[in-house]
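Engineer: just need the structure, nothing else, for what follows:
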Amino acid sequence: MRMHQTNIRETTLDGQRAIVTGANSGIGEAIAKGLAEAGATVVVNYVTDDENAQRVVDEICATGSRAFAIKADVSSEEQVQAMFQSAISELGSIDIVVNNAGLQQDAPFHEMTLAQWRKVIDVNLTGQFLCARAAVREFLRRGLMPQLSCSLGKIICLSSVHDLIPWAGHANYAASKGGVAMLMKTMAQELAMKKIRVNAISPGAIKTPINTSAWATAQAEAALLKLIPYYRVGETRDIARAAVWLASDHSDYVTGATLYVDGGMTLYPEFREGG
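Structural biologist: Model prediction:
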């Protein structure tokens, strides 16, 4: 008997409009392309590297989908408001927001500066608050469009396995992701009655340009695989597929959930033997 395989195209987002923050590379790029493949028009948000943002837009448009780039720092209230105003003016409204933008500024705890702490919290946590707030205001203004979705709107927060797993040398990053986890749940609790769904994706080890040193050599990958029970390093498309599902009506009864896309990293693999 032939197994039926579901692809992204079968998960339709036709007619919907999405903003993906930090979408000019890595996980954000993959999510933007995945949403576009499923039928959404996509705003590619970025804060640096105009050329790479335009490349992502061009690659999406080359497939027959629609996309455009908006430069905005998600930690700036004024820039977030301007981004949403521009997107709404161009598209009429927004249906999906993927809060992906994030960064690391690592240091041993006793050497971490206040500037390093604030920068990571401002982008990784406050940025998600500002974009989610702007999204909710637009969802409420626009009202339900049942021809597009069962939900009034969808917000997807990109977190990390480090919203559960402590990470020495990365106190600011781990704190920001722990904050994202509780922000997401609180928003979901408050907004569910308004038919706004809020969920999170917490990636494990994913092959992206910013962490090449963790998997680029055989020795580095072997060390990393000891932490992954499924015994492969994730690809950005793994996260994109999860985001498309959470943005679609296929997940209409899912809110306040964190989907750990990590090959089992959060299963504490060090305890597999002996315990």
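
Engineer: quick one, strands of this structure?
Structural biologist: 17-20, 41-46, 67-71, 96-99, 153-158, 196-203, 258-261 (DSSP state E).

Engineer: surely A32 meets Y46?
Structural biologist: No. With contact defined as Cβ atoms under 8 Å, A32 and Y46 do not form a contacting pair (10.2 Å). The C-beta positions use only the backbone N, C-alpha and C, and glycine is treated the same way.

Engineer: shared neighbours of these two, which are they?
Structural biologist: Residues touching both A32 and Y46 by Cβ atoms under 8 Å, 6 or more residues apart in numbering: A23.

Engineer: so those two - more neighbours on which side?
Structural biologist: A32 (34 against 25; other Cβ atoms under 10 Å).

Engineer: list the contacts of the more buried one.
Structural biologist: By Cβ under 8 Å, 6+ apart, A32 lies in contact with A18, V20, A23, V42, V44, V56, I60, A67.

Engineer: confidence score at the closest residue to the first one other than its chain neighbours?
Structural biologist: Translated: A18. Excluding the flanking residues, the one nearest A18 by Cβ to Cβ, 6 or more residues apart in numbering is I96, at 3.9 Å. On the pLDDT scale, I96 is placed at 98.

Engineer: count the residues that sit near the closest residue to Q116 other than its chain neighbours.
Structural biologist: Closest residue in space to Q116, ignoring its immediate chain neighbours: Q105 at 4.3 Å, by Cβ to Cβ, 6+ apart. Q105 has 16 neighbours, counted by other Cβ under 10 Å.

Engineer: state the distance from Q105 to R118.
Structural biologist: Q105 sits at a distance of 10 Å from R118 (criterion: Cβ to Cβ, to the nearest Å).

Engineer: residue contacts, the residue nearest to Q116?
Structural biologist: Going by Cβ under 8 Å, 6+ apart, Q105 touches Q116, K119, V120, N172, Y173.

Engineer: format those as TSV; extra columns: pLDDT, neighbour count and distance to S149.
Structural biologist: Shown next, in TSV, are these (pLDDT from 0 to 100; neighbours: other Cβ atoms under 10 Å; distance: Cβ to Cβ, whole Å):
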residue	pLDDT	neighbour count	distance to S149
Q116	98	17	40
K119	98	16	35
V120	98	25	33
N172	98	23	36
Y173	97	21	33
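
Engineer: so A82 is in contact with V74, correct?
Structural biologist: No. Taking contacts as Cβ under 8 Å, A82 lies outside contact range of V74: 11.6 Å.

Engineer: between the two, who's got more neighbours?
Structural biologist: V74 (25 against 14).

Engineer: quick check: closest non-adjacent residue to that one.
Structural biologist: V74's closest residue in space is G127 (Cβ to Cβ, 6+ apart), at 3.3 Å.

Engineer: do A38 as well
Structural biologist: Looking at A38 with Cβ to Cβ, 6+ apart, the closest residue is L13, at 4.3 Å.

Engineer: residues near that neighbour, how many?
Structural biologist: 26.

Engineer: let me see the contact set for it.
Structural biologist: Contacts of L13 (Cβ under 8 Å, 6+ apart): L35, A38, G39, A40, I96, V244, A247, S248.

Engineer: let's see it at 6 Å
Structural biologist: Neighbour list for L13: A38, G39, A40 [criterion: Cβ atoms under 6 Å, 6 or more residues apart in numbering].
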